[in-house]
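Novice: Next one to model:
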Amino acid sequence: MMKRCCFLLLLLLCIKVHAQDRAAWMQKAKFGVMTHYLPDWLRQTENLKIDVAKWNELIDHFDVNALADQVKGVGASYMIFTIGQNSGFYDAPNSTYDKIVGIKPSKCSRRDLIADLSDALHKRGLKLIVYMPSGAPNGDSTAKRALQWQNGPHPNKEFQNNWEQIIREWSVRWGTKVDGWWFDGCYWPNIMYRTETTPNFKSFAAAARAGNPNSIVGFNPGVFYRLSSITPYEDYIAGEINKDDLVTINHPYDGKVDDKQIHALSNLGEKWGMGKPRFTLEQIIGYTKKINDAGGAMTWDAPIQSSGLIYPAYIEQLSAIGKTISR
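Specialist: As a prediction, the model looks like this:
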């Protein structure tokens, strides 16, 4: 009996350590690349008029292997890629989403771009983190109503139950193809997620890990220059910043702050996903090293073309980081 109790205790301790170390790989990864592949942003950068037919055409012709070659070529170890955002268009099928919102034809693409991109990245030894907002697509009034979303500081319990079902379907669909999730817009954590009853941070994270228990999860409360965790149920700090010189990391220990992996995310362009480069090579290398020296990973957002390729000016900048940051 004593041996069995000791074994169970050891097993529980191993499970706890394993859970805490899901994001440990980010310390060795050093830096990654993010892109915002979104129809409303492509309207701005390439003056494209995008409806369901055009969206499917773009997704069908997206060159995942060329993009994966770029990410590998610059020396990055992982990529953060958008599933969708405010337009209500998504780059992978989801029957739960279609059933709840009732939009026909579906704004979810026919091709599963996430699965195909994952295959291309994994073949090259790279990891994939997917991006999703924590709220409904604000640019799609039909979807917002159907999902029962209220913008602002509201509990949004009905919405969150719907959203977790949608996330769970994608997570199960992709399984180990997805290595992590970056959830944007968790602006009202006390009201929406820090509750004893579900839905809450615990159920939110569980939905994201439904298909892969080792998938890392981060929740973004917005721009804060002191990197810190907002819940025990995340594995790494979302770390959104836009003034990199203001970043502070208080009491880092073993690559973590408050037991969560250090990570920062910033934009190379004048705006997220667009514009000309706003930093010199010396600046972006210095900002990256600052995060790396604390045991963290730095993700840089770079504008992407409708073809699926990152613009050359940003490949030059990302390559400079890769050549300078030692593994």
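
Novice: Next up, the contacts around residue 163.
Specialist: Taking Cβ atoms under 8 Å, 6 or more residues apart in numbering, we find residue 163 in contact with 134, 136, 147. Every C-beta, even on glycine, is put in place using the N, C-alpha and C of the backbone.

Novice: Name the nearest of the residues you listed relative to residue 72.
Specialist: Using Cβ to Cβ, residue 134 comes nearest to residue 72 of those, at 30.2 Å.

Novice: Name the member of the contacts of residue 163 with the most neighbours.
Specialist: residue 136 (24 neighbours; other Cβ atoms under 10 Å).

Novice: Which pLDDT value goes with the residue lying closest to it once chain neighbours are set aside?
Specialist: Distances taken as Cβ to Cβ, 6 or more residues apart in numbering place residue 149 nearest to residue 136, at 3.5 Å, with adjacent residues excluded. At residue 149, the model reports a pLDDT of 98.

Novice: Let me know whether residue 149 touches residue 134 as I believe.
Specialist: No. Checked against Cβ atoms under 8 Å, the pair residue 149 and residue 134 is beyond contact range at 10.5 Å.

Novice: Quick check: which ranges of the chain have low pLDDT?
Specialist: Where the chain drops to pLDDT under 70, the residues are 1-20, 326-327.

Novice: what does the lengthiest strand in it contact?
Specialist: If you go by DSSP state E, the chain has its longest strand at strand 127-133. Strand 127-133 has contacts (Cβ under 8 Å, 6+ apart) with 25, 29, 32, 34, 36, 77-86, 114, 117-118, 121-122, 167, 170, 177-185, 216.

Novice: again with stretch 137-144
Specialist: Under the contact criterion Cβ under 8 Å, 6+ apart, stretch 137-144 has outside partners 40, 84, 85, 86, 87, 88, 101, 102, 103, 107, 136, 151.

Novice: So which of those sit within helices?
Specialist: The helices, defined by DSSP state H, take in 40, 101 from the contacts of stretch 137-144.

Novice: Work out for me the element residue 182 sits within.
Specialist: Assigned by DSSP states H and E, residue 182 belongs to strand 180-184.

Novice: next SSE after that strand?
Specialist: For strand 180-184, the succeeding helix or strand toward the C-terminus, using DSSP H and E, is helix 189-192.
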